[in-house]
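J.: Sharing a model that was predicted from the sequence below.
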Amino acid sequence: MVKKVPRKHILSQQIKLKQQDMYAKANLFGFTHPIVVACSQELDQLLNEYQGLRSA
């Protein structure tokens, strides 16, 4: 039987990976580079979704 993983747990893992990705890109390009800013915006979206699940 396949166990269903809660969306909250999946988002938590995605957030950790996106943070690592953003920091790695920031080390290469600097925090204000468009690539890093785009990654930061993706992280913001994940965090907003996670927060929405916690509020519900």
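T.: Yep, it's here.
J.: Check the secondary structure at residue 5 for me.
T.: Three-state call for residue 5 (DSSP: H, G, I helix; E, B strand; the rest coil): coil.
J.: Point out where the protein drops to low pLDDT.
T.: Across the chain, the stretches falling below the confidence threshold (pLDDT under 70) are 56.
J.: Grab the most central residue of it for me.
T.: residue 15 (3.0 Å; CA atoms, centre = their mean).
J.: Help me confirm that it comes into contact with residue 46.
T.: Yes - contact between residue 15 and residue 46 holds when scored by CB atoms under 8 Å: they sit 5.0 Å apart. Placement of C-beta: from N, CA and C, glycine included.
J.: residues of the one helix or strand residue 41 maps to that come out buried?
T.: Under the criterion of DSSP states H and E, residue 41 resides in helix 34-55. Along helix 34-55, these residues count as buried under the neighbour rule (16 or more other CB atoms under 10 Å): 36, 39, 40, 43, 46, 50.
J.: what does stretch 7-18 give?
T.: 11, 18.
J.: Can you give me the distance of the nearest residue to residue 43 once chain neighbours are set aside to residue 40?
T.: Leaving out its chain neighbours, the residue that sits closest to residue 43 by CB to CB, 6 or more residues apart in numbering is residue 18, at 4.5 Å. According to CB to CB, to the nearest Å, residue 18 stands 9 Å off from residue 40.
J.: Show me how far the helix holding residue 41 is from its chain's centre.
T.: Averaging C-alpha coordinates over helix 34-55 and over its chain gives two centres that are 5 Å apart (CA atoms, centre = their mean, to the nearest Å).
J.: chain center to the helix or strand hosting residue 28: distance?
T.: Assigned by DSSP H and E, residue 28 falls within helix 7-29. Mean-position distance between helix 7-29 and its chain equals 5 Å (CA atoms, centre = their mean).
J.: just checking, what packs against that helix?
T.: Secondary structure elements in contact with helix 7-29, counted by 3 or more CB pairs under 8 Å, 6 or more residues apart in numbering; DSSP states H and E, are helix 34-55.
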